[in-house]
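Trainee: Everything below, folded, please.
(chains A and B)
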There are 2 protein chains.
Amino acid sequence: MAVTETPAGNPVPTPVPVLHEDARSGNCYKIRLTAALLGQPLDRRQYDILDGETRTPAFLSTVNANGRIPVLEVEGRFLPESNAACCYLAEGSALVPPGRFERADMLHWMFFEQYNHEPNVATLRFWLCALGEERLSQLQRAQIPGKRAAGEAALALMERHLATREWFVGERASLADVALYPYTSVCEEAGFRLDGLPHLRAWLGRVATLPGFPAWEKG
Amino acid sequence: MAVTETPAGNPVPTPVPVLHEDARSGNCYKIRLTAALLGQPLDRRQYDILDGETRTPAFLSTVNANGRIPVLEVEGRFLPESNAACCYLAEGSALVPPGRFERADMLHWMFFEQYNHEPNVATLRFWLCALGEERLSQLQRAQIPGKRAAGEAALALMERHLATREWFVGERASLADVALYPYTSVCEEAGFRLDGLPHLRAWLGRVATLPGFPAWEKG
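Mentor: A predicted model of the protein is given here:
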């Protein structure tokens, strides 16, 4: 497959990558956000995760054996995991810091997002907003206080980090900000409060005014 | 800080990076494994996670505000998240594939490891071996069947992937293999069975015979 160079030197894949997604998912929005900030067009194919459309035999055998979206189809192959897809799209661009430590530090925040933030903030939002509390199992309900506390701890850690800087890594927006933005921006839907987190709110505002920033069109 | 070039062209940091770790943790072993395969010396500083040594005010204010190990101290700064530290050490080396898709696919498996594998396989091992079932809370006990099923699904996915290839990405070992090795290698301690997973067992054997491979000295 061809890879062309943009004027800014960012190699972009051609033909247009296909994002296999459910537009309501923040993990999918991350990839659209990355692409939009890079000026990279994406084709989009929708699946209803609530209707099991990512668990069909065809999906599992072709798109992702793990039964999850998003998956980025690029170079004729399928790339699961939202943050890996963002790294693919942004490689060599200004969304990846130039220094070796900063590149690894960007990944540190992206792994933090998937380990400490998403399983708490995004899962609570999914349980409470998409499924609805009355449809949760007893075990899910029992896990709510723990996920609430862990989500609050993740948001508090981000707040303290942002007290002395504008972006998570270095002096400009990177994929660390892109990865942390979607579920933080809707954390109040899951019952988290941004009131006492002024630095986090200011950062959300900064991300939302980046050139090319796309709103989260939830389908 | 100085960065020197090895004969193989792999830039290695000097002075020697310091690994803040608990030797019993597979996430810490990942970093030692990466360093050993690269021939990169590491200094090691031990903390007892069961004794709260990563939750002291000094640790939280200096090493990692998230209260976790491993943390790699390098270039006079602190880098949390095991997989980010591996990426730092291995950047530009043969443990990172040369192609753009493969580099992102390596990250795909590293995010899979932190999202689908570690919270199930490693957490069950920690609960059952380090804490002991009698010390678990009622909520932890209630989560065991779900974590058992999710861990089995992760191992089964790896088994199917390895049915047609020797390494997770490309034609040789990469950080994807390094990240997935530690907790897979001890999954039977957490009650998982490798009997029916011959490709996974063969892969464990291949990793363990890589030049420079270090055994997991659990302290």
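Trainee: ok, residue A:212 to chain B distance?
Mentor: 21 Å (CB to the nearest CB, to the nearest Å). C-betas here are computed from N, CA, C, even on glycine.
Trainee: Where does that residue sit: helix, strand or coil?
Mentor: coil (DSSP: H, G, I helix; E, B strand; the rest coil).
Trainee: Tell me who's in contact with it.
Mentor: For residue A:212, the contact set (CB atoms under 8 Å, 6 or more residues apart in numbering or on different chains) comprises A:36, A:37, A:38, A:39.
Trainee: Any quick ChimeraX command for the buried ones out of the residues you listed?
Mentor: In ChimeraX, a selection of the buried entries from the contacts of residue A:212 looks like this (16 or more other CB atoms under 10 Å in any protein chain shown):
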select /A:36,37,38
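Trainee: Inside helices: which ones of the contacts of residue A:212?
Mentor: Using DSSP state H, A:36, A:37, A:38 are the members of the contacts of residue A:212 that sit in helices.
Trainee: picking up where we left off before, looking at the contacts of residue A:212, which is nearest chain B?
Mentor: residue A:38 (14.1 Å; CB to the nearest CB).
Trainee: Which pLDDT value goes with the nearest residue to the closest one once chain neighbours are set aside?
Mentor: Distances taken as CB to CB, 6 or more residues apart in numbering or on different chains place residue A:93 nearest to residue A:38, at 5.6 Å, with adjacent residues excluded. We have a pLDDT of 98 for residue A:93.
Trainee: Quick check: closest non-adjacent residue to residue A:153.
Mentor: Closest to residue A:153 by CB to CB, 6+ apart is residue A:116, at 7.5 Å.
Trainee: how many other residues sit next to the one you found?
Mentor: 20 (other CB atoms under 10 Å in any protein chain shown).
Trainee: Check residue A:75 too.
Mentor: If we define neighbours as other CB under 10 Å, then residue A:75 has 19 of them.
Trainee: Can you tell me how far it is from residue A:142?
Mentor: To residue A:142, residue A:75 is 44 Å away according to CB to CB, to the nearest Å.
Trainee: by how many degrees do the helix of greatest length in chain A and helix B:138-162 diverge?
Mentor: Across chain A, the longest stretch assigned as helix under DSSP H is helix A:138-162. Taking axes from the mean of the first three to the mean of the last three CA atoms, to 10 degrees, one finds that helix A:138-162 is oriented at 80 degrees with respect to helix B:138-162.
Trainee: Distance from the next helix or strand along the chain from helix A:138-162 to the middle of the chain?
Mentor: Once the chain leaves helix A:138-162, the next helix or strand it forms, by DSSP states H and E, is helix A:175-185. Offset of helix A:175-185 from its chain centre (CA atoms, centre = their mean, to the nearest Å): 6 Å.
Trainee: give me every residue that touches the closest residue to residue A:120 other than its chain neighbours.
Mentor: Leaving aside its sequence neighbours, residue A:120 sits nearest to residue A:151 (CB to CB, 6+ apart; 3.6 Å). Residue A:151 makes contact with A:117, A:120, A:121, A:124, A:187, A:190, A:192, according to CB under 8 Å, 6+ apart.
Trainee: Enumerate the residues of chain A near chain B.
Mentor: A:3, A:11, A:65-66, A:74-75, A:77, A:79-85, A:87-88, A:91, A:100-101, A:103-105, A:107-108, A:110-112, A:114-116, A:118-119, A:139, A:142-143, A:146, A:157, A:160-161 (CB under 8 Å from any CB of the partner chain).
Trainee: could you redo the last one with a cut-off of 6 Å?
Mentor: Counting by CB under 6 Å from any CB of the partner chain, the residues of chain A close to chain B are A:65, A:75, A:79-81, A:83-84, A:87-88, A:91, A:100-101, A:104, A:107-108, A:111, A:114-115, A:139, A:142, A:157.
Trainee: residue boundaries of the helices in chain A?
Mentor: A:26-38, A:57-62, A:82-90, A:100-112, A:123-125, A:138-162, A:175-185, A:198-208.
Trainee: Quick one: closest of these to residue B:15.
Mentor: helix A:100-112 (14.4 Å; CB to CB).
Trainee: Remind me what the closest one packs against, helices and strands.
Mentor: helix A:175-185, strand B:77-80, helix B:82-90 (3 or more CB pairs under 6 Å, 6 or more residues apart in numbering or on different chains; DSSP states H and E).
Trainee: Look up how far residue A:115 lies from residue A:47.
Mentor: Taking CB to CB, one finds residue A:47 at 25 Å from residue A:115.
Trainee: One more: residue A:163?
Mentor: According to CB to CB, residue A:163 stands 22 Å off from residue A:115.
Trainee: who's in contact with residue A:114?
Mentor: B:111, B:114, B:115 (CB atoms under 6 Å, 6 or more residues apart in numbering or on different chains).
Trainee: separation between the second one and residue B:43?
Mentor: Distance check for residue B:114 against residue B:43: by CB to CB, it reads 25 Å.
Trainee: and what of the last one?
Mentor: Relative to residue B:43, residue B:115 is positioned 30 Å away (CB to CB).
Trainee: who has more neighbours, these two?
Mentor: Set side by side, residue B:115 and residue B:43 show more neighbours around residue B:115, with 21 against 11, by other CB under 10 Å.
Trainee: pLDDT value on that one, please?
Mentor: Taking residue B:115 on its own, its pLDDT is 97.
Trainee: try residue A:9
Mentor: Note on residue A:9: pLDDT of 51.
Trainee: How many residues are close by the closest residue to residue A:201 other than its chain neighbours?
Mentor: Nearest residue to residue A:201 in three dimensions, chain neighbours excluded: residue A:194, at 5.3 Å (CB to CB, 6+ apart). When counting by other CB under 10 Å, one arrives at 15 neighbours for residue A:194.
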